[in-house]
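*Asks:* Okay, here's the prediction I keep looking at, along with the sequence it came from:
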Amino acid sequence: MADSGNEVLTDGFHLVIDALKLNDINTIYNVPGIPITDLGRFMQAEGMRVLSFRHEQHAGYAAAIAGFLTKKPGICMTVSAPGFLNGLTALAHATTNCFPMILMSGSSEREIVDLQQGDYEEMDQLAIAKPLCKAAYRILHAEDIGIGIARAIRAAVSGRPGGVYLDVPAKLLGQTMNAEAGANSLVKVIDAAPRQIPAPEAVKRAIDVLKGAKRPLIILGKGAAYAQADDAIRAIVEKSGIPYLPMSMAKGLLPDTHPQSAGPARSLVLKESDTVMMIGARLNWLLSHGKGKSWGDQPKKFVHIDIEPKEMDSNVEIAAPVVGDIGSCVEALLDAMGDDWKAPPKDWTDAVYAKKDANIERMAPRLQNNNVPMDYHGALGALRTIIAERPDSILVNEGANTLDFARSIIDMHKPRKRLDVGTWGVMGIGMGQAIAAAVETGHPVLAVEGDSAFGFSGMEIETICRYNLPVCVVVFNNGGIYRGTDVNPTGGADVAPTVFVKDARYDKMMEAFGGLGFNATSPDELKRAVNEAMDSGKPALVNAVINPEAGTESGRIGNLNPQSVVAKK
Ligand code: ADP
Ligand code: TPW
Ligand code: MG
């Protein structure tokens, strides 16, 4: 506030800060520059946590996953045009993954932008953001900052959560107004994500479908993890007696060691089930669109719980759509199940758990191998034990083989502890997610990264060191994308497109910024290094040397690669 004559004034900078704080938003992920440098400074001066990144994309991924973890919109703040564009990938990612986030970007003079007269970092950002997010707003007047920020918050978290773009012209920040009028213009968002109660007839229809099932299955998705209805979800799984399959980021919603987990019998339950209840998961490519070979010949009936009505029948017919928020829907279903609920036929559950036990038994010796150089099973067997011993730690995971093997090998024990590439299978979420996970939860983070995946956000280890975050990065160094063994068929000097520098030492990068570096060549060494790193609570990076021959093309989704009719050289 400033005193101008008799009138006490405030300005756009401070109204933005007051509006955010009024709505309990106290953390900002940003990269400074014109016109938002002072905004970041003032935010810090007003007690907000302002985390500065080396690239906006990672500030954006941090904001997106902060939204997933907290159910409040994560805020990414960028400069105009190039900074905005760098943040946009994360905004689109947040929208695709149903994570609430606000990308707040500074922008240049409207009058000049609209006449295309070549302003500093000129770009019509609002128009560009629109198709990539749930909602896009621009605030032109200081007195509208309160309502503009309220709108952005509500749009991000209500209904199906997603990304929101908020355009903040440079001029707005410098505008002044009477401080009291400014304070009165702020809006506290009441009940930002109102409960959405399912219709009783929809609940009854769902129960009737489930009662008719002979081989039922529950699929839990990351929407169920986001909903924070952990007790209700556990209750419905246990009361129903139905085997469940967790999608990647729903792992740990119930511990992966739960007797009803069908994770290790995935192929069998997808093929053989006759009725599937989806809770906060979409029938997109990750579930083969609910049809085709992996779903078997059995006709299926689907019960689908989701907050987004348009999701129903998106890929296959839904016999019982249940539209509402997951907490309310699951509680209504639990109620309607009554006291005389019958467990599913025993021949079905016996078959599922027998398959699961057989698969676990078959895998066990491979996870204990101490091969040098390491393969994925040996290395991940070691990390699996570490996560079991440190169940509050958050696992961040990206790569191809590094992702697919870690997803199936590392059991999760608590909700929202596994963060990964999400719906797009995007590389580059690693360090942004690791930073936000540490900042938002205070828990230690273990980031298991393919060497290619790590490269997308590797410079952010400086950010991790700067804020002294308890993040241990393990780089699965197989010298390349999928494998480190491809050769240039022409015999020319360039290495193959999927291959990196041999014997790289990623641990030295962490040491350059004052963090701890380790080089691990065996599962025993890896276990020792990660335990030491995590005990220290300091930033650390373990270069895990993986056999360059161990991986397969595209991990588990090689089938999605188009095939050429011309033979490979
Ligand atoms: P996964 O990748 O784990 O299968 P998806 O991202 O495909 O999960 O699906 C998540 C679904 O959860 C989305 O369709 C979204 O609308 C839904 N969702 C998110 N939050 C809620 C909520 N609170 N209540 C109900 N549905 C939700
Ligand atoms: C933004 C394509 C999918 S997986 C991957 C790439 C480049 C890297 C796999 O190698 P990595 O793992 O991480 O070393 P591993 O264990 O198999 O060797 N750009 C973006 N997203 C995606 N998904 C790609 C490219 C890709
Ligand atoms: Mg690799």
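*Replies:* Received it, and whenever you're ready, just let me know what you need. Numbering: from 1, shown residues only. Ligands and ions are numbered 1, 2, ... in the order given.

*Asks:* T463 - how many residues pack around it?
*Replies:* Neighbours of T463 under the rule other C-beta atoms under 10 Å: 26. For glycine as for every other residue, the C-beta is placed from the backbone atoms N, C-alpha and C.

*Asks:* repeat for I34
*Replies:* 14.

*Asks:* list the contacts for the closest residue to it other than its chain neighbours?
*Replies:* Closest residue to I34 apart from its sequence neighbours, by C-beta to C-beta, 6 or more residues apart in numbering: V79 at 6.1 Å. Going by C-beta atoms under 8 Å, 6 or more residues apart in numbering, V79 touches V31, P32, G33, I34, P35, I36, S105, G106, E121.

*Asks:* any idea which element the third one lies in?
*Replies:* Taking DSSP states H and E as the criterion, no element holds G33; it sits outside all helices and strands.

*Asks:* next one: L15
*Replies:* helix 12-22.

*Asks:* Helix or strand next in line after that helix, which one?
*Replies:* Counting by DSSP H and E, what follows helix 12-22 is strand 27-30.

*Asks:* Hmm, I17 and E46 touching each other?
*Replies:* Yes. Using C-beta atoms under 8 Å, E46 is in contact with I17, at 5.1 Å.

*Asks:* more crowded one of the two?
*Replies:* More crowded of E46 and I17, by other C-beta under 10 Å: I17, with 22 against 15.

*Asks:* contacting residues around that one?
*Replies:* Neighbour list for I17: L39, F42, M43, E46, M48 [criterion: C-beta under 8 Å, 6+ apart].

*Asks:* Buried subset of these as a PyMOL selection?
*Replies:* The PyMOL selection below is limited to those of the contacts of I17 classed as buried (16 or more other C-beta atoms under 10 Å):
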select buried, resi 39+42+43+48
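
*Asks:* Now list the buried members of the contacts of V79.
*Replies:* Looks like the contacts of V79 have V31, P32, G33, P35, I36, S105, G106, E121 buried, using 16+ other C-beta under 10 Å.

*Asks:* Leaving out the residues flanking it, which one is nearest to the fourth one?
*Replies:* Closest residue in space to P35, ignoring its immediate chain neighbours: A170 at 3.5 Å, by C-beta to C-beta, 6+ apart.

*Asks:* ok so, going back, adding pLDDT and distance to ligand 1, write the buried ones among the contacts of V79 out as a markdown table.
*Replies:* What follows is those, written out as a markdown table (pLDDT from 0 to 100; distance: C-beta to the nearest ligand atom, whole Å):
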| residue | pLDDT | distance to ligand 1 |
| --- | --- | --- |
| V31 | 98 | 27 |
| P32 | 98 | 32 |
| G33 | 98 | 33 |
| P35 | 97 | 34 |
| I36 | 97 | 30 |
| S105 | 98 | 25 |
| G106 | 98 | 30 |
| E121 | 94 | 34 |
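
*Asks:* From those, pick the one nearest D375.
*Replies:* The nearest member of the buried ones among the contacts of V79 to D375, counting by C-beta to C-beta, is V31 at 38.6 Å.

*Asks:* My guess is the closest one contacts L51. True?
*Replies:* No. Applying C-beta under 8 Å as the test, V31 and L51 come out as separate, 10.1 Å apart.

*Asks:* got any residues that touch both of those two?
*Replies:* In contact with both V31 and L51: A59, using C-beta under 8 Å, 6+ apart.

*Asks:* Kindly state the beta-bridge partners for G163.
*Replies:* Bridge pairing for G163 (DSSP bridges) gives the partners M101.

*Asks:* residue contacts, it?
*Replies:* 64, 90-95, 99-103, 132-134, 156.

*Asks:* Would you mind writing the PyMOL command to select the buried ones in those?
*Replies:* For the buried members of the contacts of G163, the matching PyMOL selection, counting by 16+ other C-beta under 10 Å, is:
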select buried, resi 64+90+91+92+93+94+95+99+100+101+102+103+132+133+134+156
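
*Asks:* residue ranges with poor pLDDT in this structure?
*Replies:* 1-4 (pLDDT under 70).

*Asks:* State which helix of it is the longest.
*Replies:* Scanning the chain for the longest helix, with DSSP state H as the assignment, gives helix 346-367.

*Asks:* For the very next helix or strand once past it, name the packing helices and strands.
*Replies:* Downstream of helix 346-367, the first helix or strand assigned by DSSP H and E is helix 376-389. Counting by 3 or more C-beta pairs under 8 Å, 6 or more residues apart in numbering; DSSP states H and E, the packing neighbours recorded for helix 376-389 are helix 346-367, helix 401-409, strand 445-450, strand 471-477, helix 523-536.

*Asks:* how about a cut-off of 7 Å?
*Replies:* Counting contacts by 3 or more C-beta pairs under 7 Å, 6 or more residues apart in numbering; DSSP states H and E, helix 376-389 is packed against helix 346-367, helix 401-409, helix 523-536.

*Asks:* Contacts for the longest one next, please.
*Replies:* Contacting residues not belonging to helix 346-367 are listed as K214, R215, P243, A262, P264, A265, L268, V269, H377, G381, R384, I409 [C-beta atoms under 7 Å, 6 or more residues apart in numbering].

*Asks:* Check the gap between the fifth one and ligand 3 for me.
*Replies:* Using C-beta to the ion, to the nearest Å, one gets 25 Å for the distance from P264 to ligand 3.

*Asks:* For that residue, give its distance to ligand 1.
*Replies:* For P264, the distance to ligand 1 equals 18 Å [C-beta to the nearest ligand atom, to the nearest Å].

*Asks:* contacting residues around that residue?
*Replies:* Going by C-beta under 7 Å, 6+ apart, P264 touches K356, N359, I360.

*Asks:* Neighbour-wise, give me the winner out of those.
*Replies:* That'd be K356 among these, by other C-beta under 10 Å, with 21 neighbours.

*Asks:* Do you have the strands of the stretch 101-250 of the chain handy? List them.
*Replies:* Using DSSP state E, counting those that start in this stretch, the strands of the stretch 101-250 of the chain run over 101-107, 135-138, 163-169, 176-178, 216-220, 244-246.

*Asks:* Much appreciated, bye for now.
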